[in-house]
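# any chance you can model this:
(2 chains)
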Amino acid sequence: MMEILNDYGIVLAVIGASLSALVPGIASAKGVSRGGIAGAGIITEDPSLFGKVLILQLLPGTQGIYGLIIAFITFSQIGVLGGSSDISFVKGLLYLAACLPIIIVGYSSAIRQTNASIASMGVLAKRPDQFGKAMIFSAMVETYAILAVLISILAVSGVTGINI
Amino acid sequence: MALLHMQRIYIYALKKDRKQILELLQRRGVVEVRNMIKEDKVFSKSDVSVAKSSLEKNISIAEESLSILNKYVKENNSLLSALEGRKELAVEAYDSFKEKYKPTVDNAKRIIELSKIIAESKAEVLRLQAQIEILTPWINLDIPLNFKGTKNTTVFIGSLPKPWTLEGIYEQLAQYMPLDVDIISSSKVQTCIFVICPNSNKDKVYEILRAMDFTLPSFSIDRSITFDLLPMADLSPAEQLAILEKQIDESKNHIDAAIAEMESYDEIRNELKLLWDYETMRLEKYEVLGTLLQSKNVFIVTGIIPEKNSKSLEDELSSKFEIVVEITELSKKDEIPVLYKNNGFSAPLEGIVNSYSPPNKGEMDPTAVMSIFYYVLFGLMLSDAGYGLLIALACAFGLIKFKNTMEDHMKNTLKMYMYCGIATIFWGIMFSSYFGDIFDVVAKTFFGVTDLPIIPPLWFYPVEKPMLMLTFSMVIGIVHLLTGLAMKGYQMAKQKDYKGIIYDVVFWYVLLISSVLLLLSMKMVTDILGINANIPDRVMDIAKISFVASAVGIILTNGRESKNPFKRILKGLYALYGISGYLSDVLSYSRLLALGLATGIIGTVVNQMAAMTAGGVLGPVFFTIIVILGHALNLAINALGAYVHTNRLQYVEFFGKFYEGGGKLFNPFRINTKYYKIKENTK
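Numbers count the residues shown, from 1 in each chain, chains lettered A, B, ... in the order given. Just a heads-up that it's a prediction; the model follows:
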């Protein structure tokens, strides 16, 4: 029984890695798109704000990249990108669990960060000189995505060391 | 690391010199004009709103004409022209602009008029084209559309919806023969017909036609519109069409002529720009003039001047005019405007401080201390020697190429990124990241080298030892935070609040350092961090005692603004709870690890993808394309991330410890032009 299950360890690990790229990627795409829509409105009024609007638009885009990092680390640890791929069922499950922080927090923080970014764009439209402060509001949200990616990185590299 | 000392300046002068004195003040640009004396019976302010509104009008004319001109005649701007800065203009050229002033204003107005002509002609063309469209179905009719019939016959000219055949129409009208029907044209939506019948049947024929939804041509020309003295309406459609086409040609000629004239104004573009600057400067002068106190013969300028400029300005004014200049220290109530004095290494970051908030009264300028951390943190987050080199080289190139003409703020931005780039190179070498692992990948793929890595890291690979990198990030964070706390102490020392230093700074220092030591003595913490901290028991005992002592100290003193002892202790306890804030602040520096890894890993992914395509003859070409595109994207995204998060660490974690801001920047009366710098001829 366990032997059959052990064949599926790698599947679980790949599911975890793929979801890491997939779920935060969806949220980031959504966030950057909403930011772009709001930004386009500002640019029609004052094209000189393009650079600053672009920064605010791109802020929720980083979650997708964090997801990509976790996916890549996981793929290289489980040997999908070359190397051996002898992953037991439990280990595969552990990899999937290790990916969860960035999958869930990455998704949710990108959406929340977009809301903050769009609000900051409102500040930018009315008071372009207050860009520094407006940007920080949005960057505050990203902290939690960073914490999540950090834990995922540590967990994925930690699981590799466990011998199960 | 300082702000310039400011003084008050009072200038008392004769009105006959007013223009020259104001122009001199404007060109020197060192005095912020401010009201310091109240109006009275002798001295009062004059009303300049009329002059101001006419200047504002001219500025908007110049602005509008320039934007119109740019729309029709593109200006030749290279990609780098944004770096170039304003052109220099000799004082003489500025002074002699008075002669060109009137024609330039007229030209600007003419440009605006031309754009109106073009817009109107375009609308006219559209209108005529719409008429042609309506007329086209009637083109085969050789009598005018308004033809009603002869003495004994009546004619109906109009259209029926939907296509009809001749037979179909005759069928409907069969009972009222004799009559004659002609189909002029037929399309899917309408059939244009011509019906002639004797007068005796006209009402009945009309009724039947109405039943078939007959309508008269929607296109009717007023009889008053004539062409060659004939009313247009009496002409046949073909003739009308010819006339309309002629009119379209005429309108198009108008447009061409207007555009040609517009192009001829390309030469005076610079004069329009100068007009804009000239009027802006005059407007600012009048704005100042409106705030000055004046009597019949005398006027007074009051304001604030940096101490370093006050002597030279006083000498210059006294030597040129009959004048009294008085310079005094600021009074306590005066709001002190902020003017930074930093060296070339820190000055580029003044903009970063300003976008948080300039220092308030009594605060120190944090720029210098911040600058070291700023460059280091930025470098750590980007941490790739290749990217750092690109950034530093690009900025250095811009700085050298436009050395003389570049505007100061642009210069500062480029300098900031150049230093950031240099810091990035440093950390890139420490962690051996050169465009990801490009050297290893190229060596392995194209040259079959197996002895990797080509360049080992000077310190370690963060990807291989993430915990070490995390520890290092937190150590940097602790140093950064403690520096912020030290700045608070320095600021309090300047305000002579020595007790406050002990309560708010020294206690916290002791508390934080002893808690770090206590944490390091726990096995769990050292296991997580993977470090081996052998702290002697002696030190641990001291740490325990000092931890308790400083915590008690904080509880007793940090609520000292409350008189009520109970409230005071509660506030002190709450202040001690602030230690959790320090914990989250330190954890926040883990972004150094996350962002640093992000750059490295994405760079590696790009290189791996490129290496997959490297086989075959065209391999190296694909390899190069993927590497260039991928790294450009990675650089852009991660440089953005590094910039944003460096700012965050400075604003939230660092400034949160000591800095509030809320000051106002020094805003002297000066030349605020957009296109030209007035170059002084120094005699």
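# interface residues of chain B facing chain A?
Contact residues, chain B versus chain A (C-beta under 8 Å from any C-beta of the partner chain): B:352, B:354-356, B:466-467, B:470, B:587-588, B:590-591, B:593-595, B:597-598, B:601-602, B:604-605, B:608, B:637, B:640-641, B:643-645, B:647-648, B:651-652. To be clear about C-beta, it is placed using only N, CA and C from the backbone, and glycine gets the same treatment.
# let's go with 7 Å and repeat that
With C-beta under 7 Å from any C-beta of the partner chain as the criterion, chain B meets chain A at residues B:355-356, B:466, B:588, B:590-591, B:593-594, B:597-598, B:601-602, B:605, B:637, B:640-641, B:644-645, B:647-648, B:651-652.
# what strand or helix carries residue 13?
Defaulting to chain A. helix A:9-45 (DSSP states H and E).
# my bad, chain B
Per DSSP H and E: strand B:6-14 holds residue B:13.
# off-centre distance for that strand?
Here strand B:6-14 is found 36 Å from its chain centre; the criterion is C-alpha atoms, centre = their mean, to the nearest Å.
# which strands and helices lie in contact with that strand?
Applying 3 or more C-beta pairs under 7 Å, 6 or more residues apart in numbering or on different chains; DSSP states H and E, we find strand B:6-14 packed against strand B:298-306, helix B:307-320, strand B:323-329.
# report how many residues lie close to residue 157.
Defaulting to chain A. By other C-beta atoms under 10 Å in any protein chain shown, 18 other residues sit near residue A:157.
# can you look at chain B instead?
24.
# what's the separation between the closest residue to chain B within chain A and residue B:652?
The nearest approach of chain A to chain B comes at residue A:132, 2.9 Å away (C-beta to the nearest C-beta). To residue B:652, residue A:132 is 12 Å away according to C-beta to C-beta, to the nearest Å.
# check residue B:309 too.
Counting by C-beta to C-beta - residue B:309 and residue B:652 are separated by 36 Å.
# chain neighbours aside, what residue packs nearest to the residue of the stretch 251-400 of chain B found nearest chain A?
Of all residues in the stretch 251-400 of chain B, residue B:355 sits closest to chain A, at 2.9 Å by C-beta to the nearest C-beta. What sits nearest to residue B:355 in space, not counting adjacent residues and going by C-beta to C-beta, 6 or more residues apart in numbering or on different chains, is residue A:132, at 2.9 Å.
# same question, residue B:261
residue B:114 is the one closest to residue B:261 (C-beta to C-beta, 6+ apart), at 5.9 Å.
# who's in contact with the one you found?
B:258, B:261, B:262 (C-beta atoms under 7 Å, 6 or more residues apart in numbering or on different chains).
# can you pull the buried residues of the helix or strand that contains the last one?
In this case it means residue B:262. Per DSSP H and E, residue B:262 falls inside helix B:237-264. For helix B:237-264, burial by neighbour count (16 or more other C-beta atoms under 10 Å in any protein chain shown) applies to B:237, B:240, B:241, B:244, B:247, B:248, B:251, B:254, B:255, B:258, B:259, B:262.
# I'd say the fourth one and residue B:130 touch.
No: taking contact to mean C-beta atoms under 7 Å, the distance of 10.0 Å between residue B:244 and residue B:130 leaves them out of contact.
# what score does the residue nearest the centre of chain A have for pLDDT?
Centroid-nearest residue in chain A: residue A:63, 2.7 Å away (criterion: C-alpha atoms, centre = their mean). Per-residue confidence (pLDDT) for residue A:63: 92.
# now do residue A:82
With respect to pLDDT, residue A:82 has a value of 66.
# low-confidence ranges in chain B?
For chain B, the stretches with pLDDT under 70 are B:1, B:78-79, B:82, B:218-233, B:680-683.
# in stretch B:669-683, what counts as buried?
Under 16+ other C-beta under 10 Å, the buried positions of stretch B:669-683 are B:669, B:670, B:671, B:673, B:675, B:676, B:678.
# helix, strand, or coil at the second one?
Right, the one you point to is residue B:670. Using DSSP: H, G, I helix; E, B strand; the rest coil, the structure places residue B:670 in coil.
# wait, it touches residue B:25, no?
No: in this structure, residue B:670 is not within contact of residue B:25 by C-beta under 7 Å, at 8.6 Å.
# what's the overlap in contacts for those two?
By C-beta under 7 Å, 6+ apart, no residue touches both residue B:670 and residue B:25.
# residue B:194 belongs to a helix?
No: counting by three-state DSSP, residue B:194 is not found in a helix; it is strand.
# circling back to that earlier point, and the strand holding residue B:13 with helix B:307-320, angle?
Computed by axes from the mean of the first three to the mean of the last three C-alpha atoms, to 10 degrees, the angle separating strand B:6-14 from helix B:307-320 equals 10 degrees.
# how about strand B:6-14: buried residues?
Going by 16+ other C-beta under 10 Å, strand B:6-14 has these buried residues: B:6, B:7, B:8, B:9, B:11, B:13.
# I'd like the next helix or strand past that strand.
Next along from strand B:6-14, by DSSP H and E: helix B:18-28.
# buried residues in that following helix, which are they?
B:18, B:21, B:22, B:25, B:26, B:28.
# closest one of those to chain A?
Nearest member of the buried residues of helix B:18-28 to chain A, counting by C-beta to the nearest C-beta, is residue B:26, at 23.5 Å.
# what is the neighbour count of residue B:505?
Residues lying near residue B:505 (other C-beta under 10 Å) number 22.
# over to residue B:549?
14.
# residues contacting it?
For residue B:549, no contacting residues are found, by C-beta under 7 Å, 6+ apart.
# again, only this time at 10 Å
By C-beta atoms under 10 Å, 6 or more residues apart in numbering or on different chains, the residues touching residue B:549 are B:507, B:510, B:511, B:514.
# now do residue B:216
Applying C-beta under 10 Å, 6+ apart, the residues near residue B:216 are B:145, B:146, B:156, B:157, B:158, B:159.
# now, which of these lie within strands?
Residues of the contacts of residue B:216 located in strands (DSSP state E): B:156, B:157, B:158, B:159.
# quick revisit: and the two most separated of the contacts of residue B:216?
B:146 and B:159 (14.7 Å; C-beta to C-beta).
# more neighbours, those two?
Between residue B:146 and residue B:159, counting by other C-beta under 10 Å, residue B:159 is the more crowded of the two (22 against 16).
# the more buried one reaches residue B:141, doesn't it?
No: counting by C-beta atoms under 10 Å, residue B:141 is not a contact partner of residue B:159; they are 11.5 Å apart.
# ok, now which ones touch residue 33?
You didn't pick a chain, so chain A it is. A:57, A:60, A:114.
# wrong one, chain B
Contacts for residue B:33 (C-beta under 10 Å, 6+ apart) come out as B:9, B:11, B:22, B:25, B:287-289, B:291-292, B:301-304, B:667-669.
# sorry, back to before: now flag whichever of the contacts of residue B:549 is closest to chain A.
The shortest approach to chain A among the contacts of residue B:549 belongs to residue B:511, at 24.4 Å (C-beta to the nearest C-beta).
# skipping adjacent residues, who's closest to the closest one in space?
residue B:550 (4.1 Å).
# name the element the one you found belongs to?
helix B:537-557.
# could you say what helices and strands the helix-or-strand element of chain A with minimal mean pLDDT packs with?
Across the helices and strands of chain A, mean confidence by mean pLDDT, DSSP states H and E is lowest for helix A:2-7: a mean of 81. For helix A:2-7, the packing partners by 3 or more C-beta pairs under 10 Å, 6 or more residues apart in numbering or on different chains; DSSP states H and E come out as helix A:89-126.
# low-confidence ranges, chain A, go.
Across chain A (using pLDDT under 70), the flagged ranges come out as A:82-85.
# do that again at 80, thanks
When residues are selected by pLDDT under 80, those of chain A lie in A:1-3, A:80-86, A:164.
# buried set for stretch B:97-104?
Neighbour-count burial for stretch B:97-104, counted by 16+ other C-beta under 10 Å, picks out B:97, B:100, B:101, B:104.
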